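Enquirer: Next come a sequence and a model predicted from it.
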Amino acid sequence: MLAADFQETSDNMVEGSVTIQLPVAEQARLNRKLADTYHRYNIDAVETENRNKYPRRFNVKVGKIGLAKLLFKEFFKYFGHWDVVFSRPCTYGVFSGPVGGFAPRPDLCVGCLRCEVQHPEFVTVTHNKELAELGDSYLTSKHIATIDEESRKGSVPVRGQGYRGRFGGPGFDQMFTDMSEIVRPSRDGIHGRELIGTSVDLGSKPMRLKFGADGGLLEAPKMMTIQVPFFYSPPPDSVATGIVPEILAEAADKVDTLLFLPENTVTNQGLAGPHVVPIIAPGQIGNIESHAKGTRMVEMSSWNLTAWNQVKEHPLLVSIQLPLAGDWMSTLMEMVDNGVSIIHLITDHHGVADDGRFVMDLYQEAHFALVDKGCRDEVTLIGTGGIAGADHLPKAIITGMDAVGLDYPLLIAMQARLTGDTKTRGAAAVKLPSNLDKGWGVQRIINLSCSWRDQLLEILGAMGIREVRRLRGETGRAMWCGHLEAEAFGDIEGFPGGEH
Ligand code: SF4
């Protein structure tokens with residue numbers, strides 16, 4: 001069997017075409033060549049400092065007279081130990097500037113509250129309103145701060161003292177992932193000594209293999225592979241042209257994922273390439289022929305049977321957008337019946353459909369409808385909307401997506417500030433840093449991608465799952481806070497939805 005054009009990927013070698021039978025020695029030589037050229041997938045994160053100062057977490061207000069009294073007392077108590085005298089009452093350096101606590105350094109405050117507890121008469125620590133005002137009810141300042149750190153370091157954020165947030169909540173916080181498997185493997189997969197695959201396939205796989213009389217495969221799958229189960233969604237209109245698409249296109253190339261962009265942006269800015277997916281209106285679908293430079297996939301911006309019939313046999317992969325609005329399930333089934341192989345489910349930035357339901361429910365509906373129909377592997381489901389943190393990624397996959405789109409997190413990685421309506425797709429005003437340049441922006445996106453992939457590996461490793469493809473639709477590996485509460489408290493009088 002001659003694999004004429006091997007394509008190198010992280011965890012598998014994809015055979016391009018199946019043609020002729022080779023002697024064993026030649027086959028062995030080819031296998032050796034293939035093994036020698038194997039390159040393990042890796043994302044190169046490099047610490048990339050913030051360009052804009054991020055709002056600090058706390059404000060520290062110090063009463064000068066109270067502090068003077070304390071220093072006077074401690075001057076005698078710790079005479080000679082001036083570092084001690086001038087650092088107190090904070091061990092984090094907030095009171096250790098040139099003039100001590102008379103000009104505190106609140107940027108260093110971690111909010112431990114020791115100073116306020118010990119000296120309530122002259123120290124007050126409060127949350128910084130400027131930080132609290134970032135984001136909105138869904139994409140909170142905590143998400144933004146985390147994304148900022150991930151994009152700066154490219155690693156998994158580590159915080160001490162355990163998890164201090166709440167357990168359970170709206171949106172993706174409804175889901176707990178099951179990491180208590182008795183078969184939990186070692187951490188070898190997380191530290192790279194063993195492989196956990198994060199590549200996913202986009203396109204259609206046959207539900208069964210068919211062979212001809214000569215033993216050759218009759219129907220090869222029409223699909224492509226990207227190395228991470230996420231892709232970059234188009235930026236909002238206000239930054240849809242210029243440097244932002246350029247940054248995202250280069251980052252998509254380096255990470256080996258895809259960037260979806262309106263086709264006029266692709267054409268006008270010369271961004272066509274294997275990692276860019278032009279979005280084309282059904283009426284213009286004939287333009288598919290004009291996209292060259294290795295373009296592998298295009299996207300149709302809405303479902304239209306006539307336009308689909310025009311391109312369904314085209315060698316490029318074609319995905320079709322499906323907003324989760326109205327009777328979307330009927331449209332989904334119509335698309336599947338007509339052979340659409342990649343369906344892109346879209347909601348607003350909060351992951352909410354027009355009927356108010358959250359994407360985790362809708363993704364499950366779509367996934368299990370295809371499972372029931374017996375064609376799940378023939379269709380790739382991708383979804384965009386509501387991804388605001390690294391944990392949302394595996395949760396969207398557990399509910400049935402093959403891959404998900406990142407939208408606002410990419411802008412936040414570039415330290416953009418969003419204002420106005422941040423729920424409706426594309427409606428928010430985006431203020432980019434004035435000193436944004438391409439190299440810095442690309443590395444920040446790469447860092448974010450690296451951090452989120454590493455966090456995905458943590459979850460997969462903890463679950464004992466060796467590749468992300470197997471996580472798709474694995475709802476048995478997750479628990480819903482609401483279900484657990486109903487099970488535990490449902491019989492108690494007054495519990496919402498309870499029996500009494
Ligand atoms: S809250 Fe803690 S870290 Fe902040 S100033 Fe007070 S002692 Fe220092």
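Expert: Now that the structure is in, tell me what you want to look at.
Enquirer: Show me what the helix or strand harbouring Lys69 is packed up against.
Expert: Secondary structure assignment for Lys69, by DSSP states H and E: helix 64-77. Judged by 3 or more Cβ pairs under 8 Å, 6 or more residues apart in numbering; DSSP states H and E, the packing partners of helix 64-77 are helix 82-87. For the C-beta atoms, the positions are set from N, CA and C on the backbone; glycine is no exception.
Enquirer: what's the model's confidence in the helix it packs on, averaged?
Expert: Helix 82-87 carries an average pLDDT of 68.
Enquirer: how about the helix holding Lys69, does it get close to the ligand?
Expert: No - Helix 64-77 stays clear of the ligand (Cβ under 6 Å from any ligand atom), getting no nearer than 12.0 Å.
Enquirer: for that helix, the distance to its chain's centre please.
Expert: 51 Å (Cα atoms, centre = their mean, to the nearest Å).
Enquirer: Buried ones in it, by neighbour count?
Expert: 67, 70-71, 74 (16 or more other Cβ atoms under 10 Å).
Enquirer: And for stretch 308-321?
Expert: So for stretch 308-321, counting by 16+ other Cβ under 10 Å, buried means 308, 310-311, 316-321.
Enquirer: Which of those residues fall in helices?
Expert: Counting by DSSP state H, the buried residues of stretch 308-321 place 308, 310-311 in helices.
Enquirer: Quick one: those as CSV, columns for pLDDT and distance to Ala28 too.
Expert: Listed next are these as CSV, based on pLDDT from 0 to 100; distance: Cβ to Cβ, whole Å:
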residue, pLDDT, distance to Ala28
Trp308, 97, 45
Gln310, 96, 46
Val311, 96, 42
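Enquirer: coming back round to it: need the max-distance pair from the buried residues of helix 64-77.
Expert: Using Cβ to Cβ, these span at most 10.4 Å, a distance reached by Leu67 and Glu74.
Enquirer: Just give the number of residues close to the residue of the stretch 201-350 of the chain found nearest the ligand.
Expert: The ligand sits closest to His350 of the stretch 201-350 of the chain, with a gap of 33.2 Å, by Cβ to the nearest ligand atom. When neighbours are counted by other Cβ atoms under 10 Å, His350 registers 19.
Enquirer: mind checking which helix or strand of this structure has the lowest mean pLDDT?
Expert: Least confident helix or strand, the chain: strand 7-8 with a mean of 39, by mean pLDDT, DSSP states H and E.
Enquirer: Contact partners for the closest residue to the ligand within the stretch 301-450 of the chain?
Expert: Nearest residue of the stretch 301-450 of the chain to the ligand, counting by Cβ to the nearest ligand atom: Gln415, 24.9 Å away. Going by Cβ atoms under 8 Å, 6 or more residues apart in numbering, Gln415 touches 50-52, 54, 148, 432-433, 436, 444.
Enquirer: Am I right that Val200 is in contact with Asp402?
Expert: Yes - contact criterion Cβ atoms under 8 Å: Val200 and Asp402 qualify, at 5.4 Å.
Enquirer: Identify the contacts common to these two.
Expert: 229, 469.
Enquirer: In this structure, which helix is the longest?
Expert: helix 438-463.
Enquirer: And the strands in the stretch 401-500 of the chain, which stretches?
Expert: 403-406, 417-419, 429-431, 478-480 (DSSP state E, counting those that start in this stretch).
Enquirer: Need the ones you listed in a markdown table (columns: distance to Gly283, mean neighbour count and mean pLDDT).
Expert: Formatted as a markdown table, these follow (distance: least, Cβ to Cβ, whole Å; neighbours: other Cβ atoms under 10 Å; pLDDT from 0 to 100):
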| stretch | distance to Gly283 | mean neighbour count | mean pLDDT |
| --- | --- | --- | --- |
| strand 403-406 | 24 | 25 | 98 |
| strand 417-419 | 32 | 17 | 88 |
| strand 429-431 | 29 | 16 | 89 |
| strand 478-480 | 41 | 16 | 92 |
